[in-house]
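S.K.: got a predicted structure here, sequence first:
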Amino acid sequence: MSLWTSQAIAAATGGTASDDFAVDGVTFDSREVQPGDLFVALPGETADGHRFAAGAITNGAAGLLVSAAADGPRVRVADTMAGLNALAAAARDRSAAIRIGVTGSVGKTGVKEALKAALGRFAPGAVHASVKSYNNHTGVPLSLARMPAQSRFGVFEMGMNHPGELMQLTALVRPHIAVVTWVASAHREFFDSEADIARAKAEIFSGLPVGGTAIIPHDNIHADLLAAAARDVGARIVRFGQTAGADVRAEQVKLHADCSCVTAQIGSERLTYRIGMAGQHWVNNSLAVLAAVQAAGGDLALAGLALSDFDGLPGRGQRLRVAACGGEAMLIDEAYNANPASMAASLAVLAAITPAGRGRRLALLGGMKELGLLSEEFHTGIAPHLLKAGAAVAVLVGDDMEPLARALGRQIDVRHVADADAALAEIRKTLAADDVLLVKGSNSVGLGRVIAALAAGGNAA
């Protein structure tokens, strides 16, 4: 069964179909076109997607969604961005899937992926989820438009860096269950206070139906603010955490260097499970996952098995073995993004690892972006976490890291470099057998290229 026919696309978008065709996927990136896709020609800041329509057909696209003349099977609409949103709304309305929205300052993608795995054990082949970190004003409608009509569950990551953004995304998804993983000072440049970030995250609850479920972090300082926003829309509130009063509570936790073991009370049920990811933050993430699985009517025991098999995502905790002087070293890939909370959590994971032999703990850290006037304070604040981690060498990348370099002084071996290429050169000179290297920074710093180079044994460029 195809995902969309040309007639269904035309009916959803108010467009006109040139031919009868059917598609199995949807994309707006011509570089990602797969045979059978619908290519949506979106206007861009630097290039109009219509320029790539012919190439998309050459690469196997079965049809186009366009607002200008184009060759090939197509549906023409007045506005392709509006058309994509209309197609997303049609996908939502034609499916009986239970929709789960996930937001938070940290942990969004990990929780989304873990939920996909946990629900997939219960409903194999019937769980749809956002790919990558498609969580903004284009990624969310694309993810929704890709949802097959027969899906039983849909899991959608939703991000924001300004007030009002989540309001729009949740109005489109209309989740039955909304999860806030955590609230911390990410994107602080655009908010006067962390409480304002919490209020912006709470916008996700505005899309819930009356009686929908709001899942909130009980141990977060802003939990009551989140709960008040959920009550205002008539939502059922489920709190997860490790302290008294949580509805989903970790009663026993044992942290290991490469995993965690938890016994949790989930409403009236009790579950002992292993998490294939290390760190206290993943205990928190797992509780959010279990709360959402229970609210969605899934199987908690199967969810526990899925969490045990969940062992790392590229850029978010994946562990790699890479070549080093005299042998191999362990690389912890946290290069996708960084804010003060996630930086501290990653350094705690590094602290828990005891290197083999004569190995050392090393940290390659890039700047944390969008922190505004508090950037210097937040970067300086990483120093105690880095020292507690027992890092023998800290390679700090970019101007944003200057305050941290000053704060560390000569307490450890600090090497402050200009960019990712210089960081790679420094690491290549330093990395030795049995070392454990944590790599973390905001995506724009480019440390993902360093990861790729170390994994391949080549150069960042």
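M.R.: Good, I have the coordinates. Numbering: from 1, shown residues only.
S.K.: burial of the residue lying closest to P217 once chain neighbours are set aside, as a residue count?
M.R.: Distances taken as C-beta to C-beta, 6 or more residues apart in numbering place W182 nearest to P217, at 5.2 Å, with adjacent residues excluded. Using the backbone N, CA and C atoms, a C-beta is placed for each residue, glycine as well. Residue crowding around W182 was assessed by other C-beta atoms under 10 Å; the count is 25.
S.K.: quick one: W182 and N284 touch, right?
M.R.: Yes. If you go by C-beta atoms under 8 Å, W182 and N284 touch, sitting 6.8 Å apart.
S.K.: give me the pLDDT for A461.
M.R.: A461 is assigned 35 on the pLDDT scale.
S.K.: same question, K201
M.R.: Note on K201: pLDDT of 97.
S.K.: thinking again about what came up before, common neighbours of W182 and N284, please.
M.R.: Counting by C-beta atoms under 8 Å, 6 or more residues apart in numbering, the residues touching both W182 and N284 are G107, P217.
S.K.: and the next element down the chain from whichever strand or helix holds L365?
M.R.: Using DSSP states H and E, L365 falls within strand 361-366. Per DSSP H and E, strand 361-366 leads on to helix 375-380 as the next helix or strand towards the C-terminus.
S.K.: report the buried residues of that following helix.
M.R.: S375, F378, H379, T380 (16 or more other C-beta atoms under 10 Å).
S.K.: quick one: the first one and M401 touch, right?
M.R.: I take that to be S375. No. In this structure S375 lies outside contact range of M401 using C-beta under 8 Å: 10.3 Å.
S.K.: can you show me the CA trace of the strand holding L365 as CSV?
M.R.: Provided in CSV are the C-alpha atoms of strand 361-366 (Å, rounded to 0.1, in the frame of the first residue of the first chain):
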residue,chain,number,x,y,z
ARG,A,361,40.4,10.3,30.5
LEU,A,362,40.5,13.0,27.8
ALA,A,363,37.9,15.7,26.9
LEU,A,364,37.5,17.4,23.6
LEU,A,365,34.9,20.1,24.2
GLY,A,366,33.5,22.7,21.8
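S.K.: that strand pairs with which strands?
M.R.: Applying DSSP bridges, strand 361-366 is found paired with strand 391-397 (parallel), strand 436-440 (parallel).
S.K.: distance from it to the middle of the chain?
M.R.: 21 Å (C-alpha atoms, centre = their mean, to the nearest Å).
S.K.: contacts for it?
M.R.: By C-beta under 8 Å, 6+ apart, strand 361-366 touches 335, 338, 343, 347, 350-351, 353, 355, 382, 386, 389-398, 400-401, 404, 420, 423, 427, 430-431, 435-442, 445-447, 450.
S.K.: so which of the residues you listed are in helices?
M.R.: When the contacts of strand 361-366 are checked against helices (DSSP state H), the matches are M343, L347, L350, A351, L386, L404, A420, A423, I427, T430, L447, V450.
S.K.: and the second one, how far from S185?
M.R.: According to C-beta to C-beta, to the nearest Å, L347 and S185 sit 16 Å apart.
S.K.: coming back round to it: which of the ones in helices among the contacts of strand 361-366 are buried? Put it as a PyMOL command.
M.R.: Of the ones in helices among the contacts of strand 361-366, the buried ones go into a single PyMOL selection, burial set by 16+ other C-beta under 10 Å:
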select buried, resi 343+347+350+351+386+404+420+423+427+430+447+450
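S.K.: now do the buried residues in stretch 20-40.
M.R.: Neighbour-count burial for stretch 20-40 flags 21-28, 30, 33, 36-40 (criterion: 16+ other C-beta under 10 Å).
S.K.: over to stretch 347-356?
M.R.: The neighbour-count criterion (16+ other C-beta under 10 Å) identifies L347, A348, V349, L350, A351, A352, I353, P355 as the buried residues of stretch 347-356.
S.K.: ok, back up a step: for A324, find the nearest of the strands paired with strand 361-366.
M.R.: Closest to A324 of the strands paired with strand 361-366 is strand 436-440 (C-beta to C-beta; 8.6 Å).
S.K.: who touches stretch 287-296?
M.R.: Outside stretch 287-296, the residues touching it (C-beta under 8 Å, 6+ apart) are 98, 100, 102, 107, 111, 114-115, 118-119, 122, 153, 176-177, 179, 181, 213, 215, 217, 238, 240-242, 246-250, 264, 266-267, 269, 271, 299-300, 303-304, 307.
S.K.: sorry, back to before: any chance of the buried residues of stretch 347-356 in JSON lines with pLDDT and distance to M330 as columns?
M.R.: Listed next are these as JSON lines, based on pLDDT from 0 to 100; distance: C-beta to C-beta, whole Å:
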{"residue": "L347", "pLDDT": "97", "distance to M330": "15"}
{"residue": "A348", "pLDDT": "95", "distance to M330": "16"}
{"residue": "V349", "pLDDT": "95", "distance to M330": "12"}
{"residue": "L350", "pLDDT": "96", "distance to M330": "10"}
{"residue": "A351", "pLDDT": "96", "distance to M330": "14"}
{"residue": "A352", "pLDDT": "94", "distance to M330": "13"}
{"residue": "I353", "pLDDT": "95", "distance to M330": "8"}
{"residue": "P355", "pLDDT": "96", "distance to M330": "8"}
